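Enquirer: okay, predicted coordinates and the sequence, questions at the end:
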Amino acid sequence: MRFETAGAPHVIAGFTVPRVMTQVLIALVPVATAQVALFGPRVLLQLAVCAATALACEAMALRARRIEARRFLADGSVLVTAALLALSVPPLLPWWLAAFGTAVAVLLGKHAYGGLGCNPFNPAMVGYAVLLVSFPLEMTRWPVPSFGAPWDAVTGATALDQLRTGLGQRLTMQEIFVLPPFGLLGDAGGQWINATALLGGLYLLARGIVRWHIPAAMLVGLALPAALAHTFDPGAHAAATFHLFSGATMLGAFFIATDPVSAATSDRGRLYYGAGVGALTWVIRTWGGYPDGIAFAVLLMNLAAPLLDRYTVPRIHGHPKR
Amino acid sequence: MAPPGRFADGLRLESHKARAMRHRLRAAAAPACAVIALDQGRGDADPVVGPGDRVFVGTPIARPASGVAATIHSPVCGIVREIAQRETAAPAGSGPCIVIDSDGSDARDPRIAAPALESLGPEDLIARILEAGIVGLGGAAYPTGVKLATARERSVEHLVLNGAECEPWICCDDALMRERADDILLGTRIMMVTCGARRATIAVEDDKPEAIEALRRASSALGDDRLEVVALPALYPAGAEGPLLLAVTGLEVPHDAFPPSIGLLCQNVGTAAAVASWARSGEPCISRVVTVTGSGVGEPANLEARIGTPLAALVAECGGHRGEPRRLIAGGSMTGTALATDDVALTKAMNCILVATALDLVPRGEEMPCIRCGDCASACPAGLLPQQLLRAVTSGVTAEAGRYGLADCIECGCCDYVCPSRIPLTSRFRAARAEARALAADRQRAEAARRRFEQHQRRLAMQAEAERQAFEEARRLARGDGAGRSDP
């Protein structure tokens, strides 16, 4: 009797890239819900525009690269990129700008480097950064959060913005923190977004989709300098909790910095990588001119990832310490 | 990205052992025609019989030629029909085999007699174990005598008996431990004498409580406090030599050395049982216990079968095929070799015959690019970064692959198992390792050729020099003689 032959192992766990991406999308549901509740249904439009653009660009790029489109379109990674970008940009951003940012993310950020698994930079953050430097006004106009927000929201400064301008106007922390954009923990709207992103992040941790190294290191890397600065100069620096619950901190820690393709790959490398993202975020928020520091911090650490990988190869069993 | 079953030190896999363990260990019928591959898993042996020769059960039929092959004995009594190329389990798919027609009498070679153990010193014991053709029955098929001799040279302290049997489906050691615990302990004590070990640990995974119980009972009956039975957590690949020794002793085997260099020796429990059966009757290694299992087999069981029995006969003995057999695997589902045909005979290295149907296999689906998730690194028992090693191997840079530990890969399949991109990592590494070995062998050959050439040149130069000197000498003498004659 004849039999088929194949190399060992003959069984695999059956976990697949599409299932990984589906889990990430599921984990984004709480934060998307919070955004809809705070900023109105425009968020859904933004998500739809980004998703449609991303799929169209992906299909186009695959076609141009003569790669079987069906399998790669179905892997879901491009939808994750689209969702992350849509949830990072202000909901009031004109739809064609959102579409433009998505196209940059997918075409330049991902396919120009060889597609899935080959991109050195986080594609969503490439799109975000290009939008931010090209359209700084539109990219900083966030709606004032209010539950059950209507379509046409009023824009206002975010807490991170207000803090910067307030300190520039030589206001005291007490004066700044009673202004409208501030809430209990951080940004009045941002604290809800961060809390829901944290919830989704914990789900990813529990499902083993992301491992703890990057999120933990990033949150510590952000909170530690913030806490130190706040302790020594409370008049000029906000507390660590403010940083943890403002801007895109939790989204960045659990969904953006954890993109495995563009992050460092060994456990130790991921600790350094995460800590670097956190620390750079604090530096950019404190001394930089941008509304938030996550995107640039991630892109800068993406640059450092190959170097981290080179110097954090773990010791192989039976070998002396490197 | 954790698939179900990823733990810190290995994978928790479904064991699939219960069905085969429902039956007691039994002897399989001796084959009417035995086909004994000259390569029993460790290179070819040289036949010492020819067509037409009459052999008994236990008559030596092949001796080690080179490398680490072991003596092979006839598993049946009969006439050698031919020595011919047959399909085998070797990677090449075929190899030279001695084909023996049995006369059905099962007459033993008259020279076989139970050894007088008391009168044999350690060196004699090692020589006799080597002569009995006993090899590592865990699948490595390395001659036990050679291993014991190395261990003796290095004065090994601690003998570790591997009864972990971590791979799914395989349960031949479990059956042996349950039913022949006394044999295993006897074999262990003989091996301790040969290598001078002062203590022995029998390591069994904790999903085999009956085996542990049987070994503990036999051990306390013996009252030998140098023997210890320990339960290991049932995690794949706990039974691989490196991880096993680490778990039992806390010691790591250096990458460029063997366990005896750190005072350890690892032997399979089946090997210990084979040593015991030689010690009791003098019978050489002509049979082994093999698990015949899989959803494609009617009544899975553990059989004590003669080496050289066709696999088809063993499957027939276990109720024949059932369902739609798709893959015939020599070994377990994680590291076993898929065979193209069941017209292959049992070798000393085969611990399991897995007849897999679609139920037992997971289709790989299409391979996706690596997303560097690092699941493979968390699963790797050797501490490698398979995602980085894959990059190095793909780009063909051998130095880079070496840096990421290509030589340290134990080919356990854990990285493959967890990979969400379904990349056949183990196959890639296996191929790259073979290539690296071939490259190293080439380099060695080239180096040897260069040395030979240089020596040759040196010899020629020396010869020319000697000739020149002899000529000069002769001329000087001739001249001197002439001068001498005219001088006085």
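Expert: Nice, I can see it. Residues are numbered from 1 along each chain as shown, chains lettered A, B, ... in the order given.

Enquirer: from here on, contacts and neighbour counts on C-alpha atoms
Expert: Fine.

Enquirer: tally of neighbours for the residue of the stretch 151-300 of chain A found nearest chain B?
Expert: Nearest residue of the stretch 151-300 of chain A to chain B: A:Ile209, at 3.9 Å (Cα to the nearest Cα). For A:Ile209, the count of nearby residues is 21 (other Cα atoms under 10 Å in any protein chain shown).

Enquirer: quick one: it from A:Phe177, how far?
Expert: 37 Å (Cα to Cα, to the nearest Å).

Enquirer: now do A:Ala51
Expert: 37 Å.

Enquirer: centre of the chain to the longest helix seen in chain B, how far?
Expert: Longest helix in chain B, counting residues (DSSP state H): helix B:425-486. Distance of helix B:425-486 from the chain centroid (Cα atoms, centre = their mean, to the nearest Å) equals 39 Å.

Enquirer: in terms of secondary structure, what does that helix contact?
Expert: Contacts defined by 3 or more Cα pairs under 8 Å, 6 or more residues apart in numbering or on different chains; DSSP states H and E place helix B:425-486 against helix B:386-395, helix B:414-418.

Enquirer: now it: mean pLDDT?
Expert: With pLDDT averaged residue by residue, helix B:425-486 scores 88.

Enquirer: stretch A:69-81 too?
Expert: Mean predicted confidence for stretch A:69-81 is 86.

Enquirer: please identify the buried residues of that stretch?
Expert: A:Phe72, A:Leu73, A:Asp75, A:Gly76, A:Ser77, A:Val78, A:Leu79, A:Val80, A:Thr81 (16 or more other Cα atoms under 10 Å in any protein chain shown).

Enquirer: and what of stretch B:39-55?
Expert: For stretch B:39-55, a neighbour-count test (16+ other Cα under 10 Å) marks B:Asp39, B:Gln40, B:Gly41, B:Arg42, B:Gly43, B:Asp44, B:Ala45, B:Asp46, B:Pro47, B:Val49, B:Arg54, B:Val55 as buried.

Enquirer: ok, now which ones touch the fourth one?
Expert: In other words, B:Arg42. B:Gly67, B:Val68, B:Ala69, B:Ala140, B:Ala141, B:Tyr142 (Cα atoms under 8 Å, 6 or more residues apart in numbering or on different chains).

Enquirer: and if we set it to 7 Å?
Expert: Neighbouring residues of B:Arg42 by Cα atoms under 7 Å, 6 or more residues apart in numbering or on different chains: B:Val68, B:Ala69, B:Ala141, B:Tyr142.

Enquirer: quick one: closest of the helices and strands packed on helix B:425-486 to B:Ala90.
Expert: Closest approach to B:Ala90 among those is made by helix B:414-418 (22.9 Å; Cα to Cα).

Enquirer: which other helices and strands contact the closest one?
Expert: Contacting helix B:414-418 under the criterion 3 or more Cα pairs under 7 Å, 6 or more residues apart in numbering or on different chains; DSSP states H and E are the following elements: helix B:375-379, helix B:425-486.

Enquirer: check the secondary structure at the nearest residue to B:Pro47 once chain neighbours are set aside for me.
Expert: Spatially, and ignoring its direct neighbours in sequence, B:Pro47 is nearest to B:Ala62 (4.0 Å; Cα to Cα, 6 or more residues apart in numbering or on different chains). Applying DSSP: H, G, I helix; E, B strand; the rest coil to B:Ala62 yields a three-state assignment of strand.

Enquirer: for B:Ala62, give its distance to B:Ile72.
Expert: From B:Ala62 over to B:Ile72 (counting by Cα to Cα), the distance is 5 Å.

Enquirer: so between the two, which is more surrounded?
Expert: Neighbours were tallied for B:Ala62 and for B:Ile72 using other Cα under 10 Å; the higher tally belongs to B:Ile72 (31 against 23).

Enquirer: these two touch, right, that one and B:Gly58?
Expert: No: in this structure B:Ile72 lies outside contact range of B:Gly58 using Cα atoms under 7 Å: 8.7 Å.

Enquirer: so who does the residue most central in space within chain B touch?
Expert: What sits nearest the mean C-alpha location of chain B, by Cα atoms, centre = their mean, is B:Ala140, with 1.0 Å. Applying Cα under 7 Å, 6+ apart to B:Ala140 gives the contacts B:Ala349.
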